[in-house]
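Asks: What would the 3D arrangement of this be:
(chains A and B)
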Amino acid sequence: MRRIPVLRMGLQARLLLIAAVVLGACLGTVGWVLDRSFHGAMLAGAEEQLRTVAYGLLGAAKERDGGLVFDTELGEPRLSQPDSGLYAYVDAAGGAAIWRSPSMVASGDIAGRLPLPRRPAPGESFFGIAESADVNSAAERFVLAYTVIWEAVGGIEMTFWVLADSHPYRRQIAAFRRNIAIGLASAAAIFVAIQFAALRWGLTPLRRMADRIRDLEAGARTDIGQDYPRELFGLARNLNRFIAYEKANRERYRRAMDDLAHSLKTPLAVLKNAMRELNGQQAGVFDEQVQRMETTVAHQLSRAAAVRTAMPTDSIAVLPVAARIARALARAYAEKPIKVELAERPAGGKSHLTVRVDERDLMEMLGNLIENGFKYTRTRVRITATCPGPGSVQIAIEDDGDGIVPDKRQLVLRRGARADTATAGQGIGLAVVLELAEVYDGRLQIGDSDLGGAALRLDLPTDTG
Amino acid sequence: MRLLIVEDETLLAAQIDKFLREADFVVDVASDGEEGLYYAREYGYDAAVLDLGLPKLDGIGLIEILRREENTVPVLILTARGDWRDKVTGLEAGADDYLTKPFHMEELLARLKVLIRRAAGYASAVIEQGPLRLDTLRKEVRVEGAPVELTAFEYRMLEYLAMNPSRVVSKAELTDRLYEQDFDRDSNVIEVFIGRLRRKLDPDGRLKPIRTIRGQGYRFVLAPSQESTG
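Replies: From the prediction side, this is the model:
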């Protein structure tokens, strides 16, 4: 089943993403509103300015000889200054120019046509934006038109046009936008940084829990602790309880298996010995059945006891366990001059190779294998732990005995091999090792050793990485 | 040879007892750890068979106490669990061998013999002391290659002496190891048997394998003999 990448995102990344989206939307809206308001205010300001100029012109207009003349003092110096960016002219409804401001001297493009689609009705004014008629000049201008009927000059309808280059305004707007952008971006950056720090701090307990669960899996801890905030406390407590319960359950189960083994095997021992007294065909039947029971008990119990549980097992260093067993066995095989060689090649600076196997099961497997080595060797037993690949540790137990011939190899590993078809002590032992190994997804192979005897190679899982 | 069996399962203990007696051992049976400890402290044994799961004091605890008290009796542990942790712990505590239940009596006997021999410092089942050759498996005795016919008791006595060479073995010790507890210690039966053994092993008085150390006991001394025919 494929998972969508977003589902794999960490909590912190998710929260940061959400914060970033919300922040982007908010700051964007704020920026847009500010921009619009400023833009509107600029336009209103421009209109107001042009209107003032228009009214100034109206005030400066004087009737003379049935026409209009303007004071040289126009109240606005830019009107007198050529190409100053502020222009004004007055024309009659028919289009005949009545007056032009001195600033228009060089700007021949303005009078050619109406800067606005239509002139306003008498008594009304109109404000708008006009493109320059001159293709060479990209000028954009604000235009205010104001139409009056001048009674004193024969009731003539005339329109006052005031035009101003929009550049200065545009420049102000651009500067404003730049400032807003810088300001909002800084705010966003600061906000994101604070949010990031807050998230890290806020998610610390979760991270701690995750770290401890990892340690738990690695066998470095037995619980996940209790120092969590209120919201996580219940979860942590329940998890701890679950872990403890699981462990206790496992122990109880083990003990039950032990007791079962004990209470079955002792009567079997009694039966087996009692049968020595029997003779004839009956004895054969009994003996065979008891033998079968013995094999079944040995097999099924060791298998049942090794059921892997949901909780991860501890990591155990292989070689110290092997050394301990070999030392103990050397005592039991004191009459045999056996030289035990132990070696391992741990990777990545670790002191020992470790496996993720229950300690008891590891002892069970190594015990049977090393005992096998002690039993069949002449003088040497070599135990080597290596790391053949990631996630796996191989323990090789080699001896200089006669080895196991290829035909017999499958037989000694056969599940539930009857004791009478295999060498007593060997068949069951190795089959138990194989079954235990399989519980842990490991395996057992039988091969030849350069020492001359058998090489039993057990692969077990280790921490990946 | 005297053995101590500590096993709480009475039927099994009785079977072991019977079997080992038939194999010419003197056997004491204790049914719990404390009783076992009492016996082990009170009497000298040539080997002990301990069940690990014992009432009152478990097998491991019993071995630990014995070893702490410098009791070096060879110990064979019986485990019902077949659990390696038990075996290793037992061996580490000072046991010398282990056997998983259910077992064959013959195997128990063989292991015990190995333990006793090993404790005496012999690696092989055949003890060769100068001209004397003692096959502990076949219970066969030869002197200078010639078979010697011994009664069961004579054989046990010779085996015990041979297992403790160059050491003075007191009459009391011999009585202890070769007879049941209620044996009359004042009788001179030991002297009688030593006399018979000497005559059978050394009819012409050449080898003198058993020396009497006056007031102390007997010593089995048989230096590699030049007269040995091999």
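
Asks: moving C-terminal of the longest helix seen in chain A, what's the next helix or strand?
Replies: When chain A is parsed with DSSP state H, its longest helix is helix A:167-218. Downstream of helix A:167-218, the next assigned helix or strand under DSSP states H and E is helix A:230-274.

Asks: what angle do the longest helix of chain A and helix A:230-274 make?
Replies: On the basis of axes from the mean of the first three to the mean of the last three Cα atoms, to 10 degrees, helix A:167-218 is oriented at 20 degrees to helix A:230-274.

Asks: wait, residue A:123 sits on residue A:159?
Replies: No. Residue A:123 is not in contact with residue A:159 according to Cβ atoms under 8 Å; the separation is 11.3 Å. Every residue, glycine included, has its C-beta placed from N, CA and C.

Asks: So between these two, which is more surrounded?
Replies: Neighbours were counted for residue A:123 and for residue A:159 using other Cβ atoms under 10 Å in any protein chain shown; residue A:159 has more, 23 against 9.

Asks: Okay, and the beta partners of that one?
Replies: residue A:91, residue A:147 (DSSP bridges).

Asks: now residue B:75
Replies: On the basis of DSSP bridges, residue B:75 is bridged to residue B:48.

Asks: next SSE after the helix ranked longest in chain B?
Replies: Longest helix in chain B by number of residues (criterion: DSSP H): helix B:105-120. Counting by DSSP H and E, the next helix or strand C-terminal to helix B:105-120 is strand B:126-129.

Asks: Is chain A within reach of that next one?
Replies: No. Interface with chain A: strand B:126-129 contributes nothing (Cβ under 8 Å from any Cβ of the partner chain), its closest point being 12.9 Å away.

Asks: from the chain's centre, how far out does that strand sit?
Replies: 16 Å (Cα atoms, centre = their mean, to the nearest Å).

Asks: hang on, the earlier thing: pLDDT (mean, whole number) over the longest helix of chain A?
Replies: Per-region confidence: helix A:167-218 scores 88 on mean pLDDT.

Asks: what about the helices in chain B?
Replies: Secondary structure of chain B (DSSP H): helices at B:10-22, B:33-42, B:59-68, B:84-93, B:105-120, B:152-163, B:171-178, B:189-201.

Asks: Kindly reformat those as TSV and extend each row with mean neighbour count, distance to residue A:218 and mean pLDDT.
Replies: Shown next, in TSV, are those (neighbours: other Cβ atoms under 10 Å in any protein chain shown; distance: least, Cβ to Cβ, whole Å; pLDDT from 0 to 100):
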stretch	mean neighbour count	distance to residue A:218	mean pLDDT
helix B:10-22	18	44	89
helix B:33-42	18	40	91
helix B:59-68	20	31	90
helix B:84-93	22	23	87
helix B:105-120	19	42	86
helix B:152-163	20	53	83
helix B:171-178	18	56	80
helix B:189-201	16	67	84
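
Asks: Among the ones you listed, which comes closest to residue A:22?
Replies: Of all the helices of chain B, it is helix B:84-93 that lies closest to residue A:22, at 59.4 Å by Cβ to Cβ.

Asks: Need the contact partners of the closest one.
Replies: Helix B:84-93 is contacted from outside by A:324-325, A:327-329, A:331-332, A:360, A:363-364, A:366-368, B:52, B:59-60, B:63-64, B:67, B:77, B:79, B:98, using Cβ atoms under 8 Å, 6 or more residues apart in numbering or on different chains.

Asks: of those residues, buried ones?
Replies: Among those, the ones that count as buried by 16 or more other Cβ atoms under 10 Å in any protein chain shown are A:324-325, A:328-329, A:331-332, A:363-364, A:366-368, B:52, B:59-60, B:63-64, B:77, B:79, B:98.

Asks: Export stretch B:160-171 to CSV, keeping only CA atoms.
Replies: Once non-C-alpha atoms are left out, stretch B:160-171 reads as follows in CSV (Å, rounded to 0.1, in the frame of the first residue of the first chain):
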residue,chain,number,x,y,z
TYR,B,160,38.4,-46.5,46.4
LEU,B,161,42.0,-46.9,47.5
ALA,B,162,43.2,-46.6,43.9
MET,B,163,41.1,-43.5,43.4
ASN,B,164,42.9,-42.0,46.4
PRO,B,165,46.5,-43.0,45.7
SER,B,166,49.4,-41.9,47.9
ARG,B,167,47.0,-40.7,50.6
VAL,B,168,46.3,-42.2,54.0
VAL,B,169,42.8,-43.6,54.0
SER,B,170,41.5,-44.2,57.5
LYS,B,171,39.6,-47.3,58.5
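
Asks: So which residues make contact with that stretch?
Replies: Outside stretch B:160-171, the residues touching it (Cβ under 8 Å, 6+ apart) are B:1, B:46, B:116-117, B:119-120, B:122, B:127, B:129, B:132, B:134, B:174, B:177-178, B:190-191, B:210, B:213, B:216-222.

Asks: how about 6 Å then?
Replies: Stretch B:160-171 has contacts (Cβ atoms under 6 Å, 6 or more residues apart in numbering or on different chains) with B:120, B:127, B:134, B:177, B:190, B:213, B:216, B:217, B:218, B:219, B:220.

Asks: where's the spatially closest residue to the first one that is not a sequence neighbour relative to residue B:199, distance?
Replies: The shortest distance from residue B:120 to any residue other than its chain neighbours is 3.7 Å, reached at residue B:163 (Cβ to Cβ, 6 or more residues apart in numbering or on different chains). Taken as Cβ to Cβ, to the nearest Å, the spacing of residue B:163 relative to residue B:199 amounts to 21 Å.
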